[in-house]
Structure formats: structure tokens, C-alpha cells
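Trainee: need coordinates for the below:
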Amino acid sequence: MCQRRPRRDNARIQSAGAGLGRVSKFALTTQFVTGTSIEKYNATTEDFYRKEIKVDLSSSVLEILDMAGTEQFAFMPDLYITNGQGFILVYSLVNQQNFQDIKPMRNRIIHVKRYEKASVILVGNKVDLKSEREVSSNEGRALAKERECPFMESSAKSKTMVDELFVEIVRKMNYAAQMLCRHRKMIHAVLPVTYNSIQIWLSLTGLAQYHG
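Mentor: All right, here's what the predicted structure looks like:
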């Protein structure tokens, strides 16, 4: 049966890029977790991160597994996507090809999730490099409208919208959990049966695709 959510939830986020390389993506993760900007990437650095944040008066512990780029995403087991409920898709504003590469990621999520609702945010990163921009804000908004998801632009270097994008994905996951709970109550009103398979939301297990 649907239960009242605990005061503090775990949101597991797994991240993958879209062809920009580990240094840039690692910078976005590091900026969010530690509040610092990095210029060099240490290949031996642990790729698992944890941070507690408060969203709408409710605390959540984010567990972030930093993954590689498009290639690794292509071979990611469908189970990761099936169990995921939060997805942050990030492309580079200074790389038009990178913007195109992000589209198959969304398509695969939809294919794997099928009829289950997935919380998705589209993020254009490196907004600080205005003179090098190749992807306009209008292009990003158009894709987000087509995919029916929020759109944001960020910068790991200047920490522009870094915290906000994680807050937004947690908020969307929480909302999806509430909708699932209401739907579950409606089912029980007709068929009072416990469906353990749809209680996965209680742990707020999320798979977020992003890079910096």
C-alpha cells in the first residue's frame, strides 16, 4: 500500500555525458557536490558522490555515479534505465554536434520506460562561453518542448544553475512519486491488492544523464 514518505529520502543519480569528455562532466559534478571549480581531471578519482539537499522542506540524499560519455550510455544495461525515475540530459552549448547526440539518449529512455512516466530535464551547459556558443537558447527550448520537459542553461565554471538543476529533478521525482501514490490508491479502491512492484518510488531511485 502507499506509505507516507520518510523525512529523508535517497535519490540515486547515475550520470552519463554526450561526447564532451570526462573533464567537463566531472567539473559539473564537483561544482554541485563541493562548490568548487576544477580545471584538471584525476583519472583515479572516485566516480561516486553523495550530497544531502533540502527541496521543499524535505531532505534528500543524492547518490551520484559519474559515468562516461555517449559510448558507455549506449551499452548501459536497460535495468539502470528501468529503475530510474530522474534523468538530466545535458549537452554543450558550444558544440552543435553534441546537441544532436543528446537526442538518442532521450529516445532510448522512452523506449525502455515505455508506459512509465520518467522525470526528465534538458540542460545546455557552458552558458558562460557566450562568444563560442553554437546552440541557441531557442533550439534548446524547442527540443525541450518537443520532449515535453523543462529546459535550463548552466555553467559548471561559474556555478550558474548547477544547484537548481538538481533541485528541479528531485522536485519532479517527488511529484511523480505523489502521482503514483494517488494512482495506487485509486487502484486499491477497486481492487484492494498490494502491488510491490510499484513501490520502487519509496527509495526514489533515479538515473540522471548529464555531463558538464
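
Trainee: contacts and neighbour counts: CA atoms only from here.
Mentor: Fine.

Trainee: ok, and what's touching stretch 153-173?
Mentor: With C-alpha atoms under 8 Å, 6 or more residues apart in numbering as the test, stretch 153-173 has contacts from 11, 27-28, 31-32, 35, 37-38, 53, 55-56, 85-88, 119-121, 123-128, 152, 204, 212.

Trainee: buried stuff in it?
Mentor: For stretch 153-173, a neighbour-count test (16 or more other C-alpha atoms under 10 Å) marks 153-157, 159-163, 165-173 as buried.

Trainee: tell me which of those fall in strands.
Mentor: In strands, judged by DSSP state E, the following of these are found: E153, S154.

Trainee: let's see which of the buried residues of stretch 153-173 end up in helices.
Mentor: The helices in this structure, assigned by DSSP state H, contain V162, D163, L165, F166, V167, E168, I169, V170, R171, K172, M173 from these.

Trainee: the helix or strand bottoming out on mean pLDDT in the chain: what's the following helix or strand?
Mentor: Sorted by mean pLDDT, DSSP states H and E, the helices and strands of the chain end with helix 70-74, the least confident at a mean of 53. Downstream of helix 70-74, the first helix or strand assigned by DSSP states H and E is helix 78-83.

Trainee: hey, C-alpha coordinates of the next helix or strand after that next one in PDB?
Mentor: Using DSSP H and E, the helix or strand that follows helix 78-83 in sequence is strand 86-92. Extracted C-alpha coordinates of strand 86-92, given in PDB (Å, rounded to 0.1, in the frame of the first residue of the first chain):
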ATOM      1  CA  GLY A  86      15.000  11.100 -12.800                       C
ATOM      2  CA  PHE A  87      17.000  11.900 -15.900                       C
ATOM      3  CA  ILE A  88      19.100  15.100 -16.500                       C
ATOM      4  CA  LEU A  89      20.100  15.300 -20.200                       C
ATOM      5  CA  VAL A  90      23.000  17.800 -20.700                       C
ATOM      6  CA  TYR A  91      24.600  19.000 -23.900                       C
ATOM      7  CA  SER A  92      27.300  21.600 -24.600                       C
END
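
Trainee: wait, V123 touches Y91, no?
Mentor: Yes - with contact defined as C-alpha atoms under 8 Å, V123 counts as touching Y91 (6.4 Å).

Trainee: of those two, who's got more company?
Mentor: More crowded of V123 and Y91, by other C-alpha atoms under 10 Å: Y91, with 30 against 27.
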